[in-house]
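# show me the folded form of this:
(one chain, ligands or ions: 1)
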Amino acid sequence: MPAPANSFRHALAAARCLYGTWAALADPLSAELCARIGFDWMVLDGEHAPNDLRSVLAQLQAVAAFACAPVVRLPVADPVLAKQYLDIGAQTLLVPMIDTTQDAAAIAAAMRYPPRGRRGIGSALARAGGFGITTDYLATADAEIVLIVQAESRRAMGNIDAIATTDGVDGVFFGPSDLAADMGLIGQTGHPAVVAAVEDGVRAVVAAGKPAGVLAMDPELAGRYRAAGARFIAVATDVGALVGGLKARLAQIDSPAEVPQ
Ligand SMILES: O=C(O)C(=O)C[C@H](O)[C@@H](O)CO
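Predicted structure coming up:
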């Protein structure tokens, strides 16, 4: 029995843009809710959400029945964390703060078994290997693993061709918030210089033959990045949807016109 098919890998082969959402509530129920909406993919965020191995495991189990492909963001580019998250069954890792081809190569190697890489062997014990029941896991796992590296600094943008073409890098995701901060434009993800830098980065990754992704909460920016060639765009977050929805509801109910005189 081979490793399970990675729905994100297969979706990337489609000739359309994939829209995703960001799960930062670190909870299986909210992750399941997000997975039911109809997004192509969703990030389970280990960098800025209060997640750990067990909470990500519970979310992977919660979304497993749905077509929305989970992408697990590591807190940091660490080979040990990559091994642990792959062993609990994550097949697509989003790795933040990759600045050089050396950074990218190190995390790519941690995700593939020898001889291609240096992933440790633990599949007989791991959920990824069906607890030993997926007998062909070791021979087939690498083909289903996807590494998306995050480019989110001026240094990364300067090295974007080398990062995108690093062996084992399956795609590049641009982080506009950190890039804006690094450009001295903190909080200004819509600043023309930031948008232009992301568009240039997307075009460079596409020219290198790899899929490019980005986070764009503003529909107009999402459209621009799509026009530049982005193939997977995160357009929502669970936190943003909850805050936006609750604020709008409160504003409807608590309007001054309805306050008794
Ligand atoms: O730099 C960015 O942009 C990201 O990496 C995404 C952020 O972590 C965050 O804005 C997600 O909501």
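
# which residues are in contact with residue 39?
19-21, 68, 236 (CB atoms under 8 Å, 6 or more residues apart in numbering). The way it works is simple: take the backbone N, C-alpha and C, and place the C-beta from them, glycine included.

# just the ones of those in strands?
Judged by DSSP state E, the contacts of residue 39 include 19-21, 236 as members of strands.

# what two of the contacts of residue 39 have the greatest distance between them?
For the contacts of residue 39, the farthest-apart pair by CB to CB is 68 and 236; their separation is 12.0 Å.

# of these two, who's got more company?
residue 68 (24 against 19; other CB atoms under 10 Å).

# what sits against that one?
Shown in contact with residue 68 (CB under 8 Å, 6+ apart): 34-42.

# same deal with residue 88?
Here residue 88 is in contact with 53, 56-57, 60, 126-128 (CB under 8 Å, 6+ apart).

# same question for residue 3.
So residue 3 contacts 91, 128-129, 134, 136-137, 140-141, 143-144 (CB under 8 Å, 6+ apart).

# just checking: which of these also lie near the ligand?
Among the contacts of residue 3, no residue is within reach of the ligand (CB under 6 Å from any ligand atom).

# just the buried members of the residues you listed?
For those, a burial check counting by 16 or more other CB atoms under 10 Å picks out 91, 128-129, 134, 137, 141, 144.

# in CSV: those residues, plus secondary structure and pLDDT.
Below are the buried ones among the contacts of residue 3 laid out as CSV (DSSP: H, G, I helix; E, B strand; the rest coil; pLDDT from 0 to 100):
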residue, secondary structure, pLDDT
91, coil, 98
128, coil, 98
129, coil, 97
134, coil, 97
137, helix, 98
141, helix, 98
144, helix, 98
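
# closest one of those residues to residue 227?
Nearest to residue 227 among those: residue 91, at 29.5 Å, using CB to CB.

# what sits closest to the closest one if chain neighbours are left out?
residue 6 (4.1 Å; CB to CB, 6 or more residues apart in numbering).

# skipping its backbone neighbours, what lies nearest the residue of the stretch 151-261 of the chain found nearest the ligand in space?
Residue nearest to the ligand within the stretch 151-261 of the chain: residue 175 (2.6 Å; CB to the nearest ligand atom). In space, and not counting its chain neighbours, residue 175 is closest to residue 152: 3.3 Å by CB to CB, 6+ apart.

# just residue 189 next, same as before
residue 176 (4.1 Å).

# the one you found: how many residues sit nearby?
The burial count for residue 176: 24, using other CB under 10 Å.

# fine, thanks again, bye for now.
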